[in-house]
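J.: Fold the following.
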Amino acid sequence: MAEAQANNPGDNLKIDVVNAAVKPERKAAKVDKGGYHWGTGRRKTSVARVRIRPGDGKLVVNKKQLSNYFAREQDKEAVLSPLKAVKCEKSFDIFINVRGGGSTGQSGAARLGIARALKNYDDSYAQVLRDGGHLTRDSRMVERKKPGKSGARRRYQFSKR
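T.: You can find the predicted model right below:
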């Protein structure tokens, strides 16, 4: 139903229903007083707060260098993947505070946080990051333990006698 007729049949007035909804314009990203752009990432039970600013490529995770904090190569690659997607590995200084969960969850949270901070820095990065899957929150969480069971789904051992 793209067009609707007015109530009076004599009038040839037509109302365009499709263009009635107008999207609000996005506000410009705010930069804090230190010149940082922020992004928050979550994965499993980990939460990462990420600050980026233009710089020479310094990457610090919980006051340690990336290679000292994450021991596994796949975790390091996950953290750097949004930067590689927009081709600016050495263009930003990145400071990450991450807590909760294990190394895989923390690296996934840092990845999402960096991607969101890059999007806040420049909206033109958004499509590249979205196409690479860097802006998608992985919603999988650990299932809770239920009463009467020894885990989320594990039951106690059945005894016939």
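J.: from here on, contacts and neighbour counts on C-alpha atoms
T.: Fine.
J.: All the strands of this structure, residue numbers only.
T.: According to DSSP state E, the chain carries its strands in the segments 3-5, 14-16, 37-43, 46-54, 59-61, 64-65, 92-99.
J.: could those go into a markdown table alongside distance to residue 118 and mean pLDDT?
T.: Formatted as a markdown table, the strands of the chain follow (distance: least, C-alpha to C-alpha, whole Å; pLDDT from 0 to 100):
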| stretch | distance to residue 118 | mean pLDDT |
| --- | --- | --- |
| strand 3-5 | 41 | 53 |
| strand 14-16 | 38 | 53 |
| strand 37-43 | 8 | 96 |
| strand 46-54 | 8 | 96 |
| strand 59-61 | 14 | 97 |
| strand 64-65 | 20 | 96 |
| strand 92-99 | 9 | 97 |
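J.: what's the closest of these to residue 122?
T.: Between residue 122 and the strands of the chain, the shortest gap by C-alpha to C-alpha is with strand 37-43, which sits at 9.8 Å.
J.: And the contacts of the closest one?
T.: 29-31, 47-53, 105-106, 108-118, 120-121, 137-141 (C-alpha atoms under 8 Å, 6 or more residues apart in numbering).
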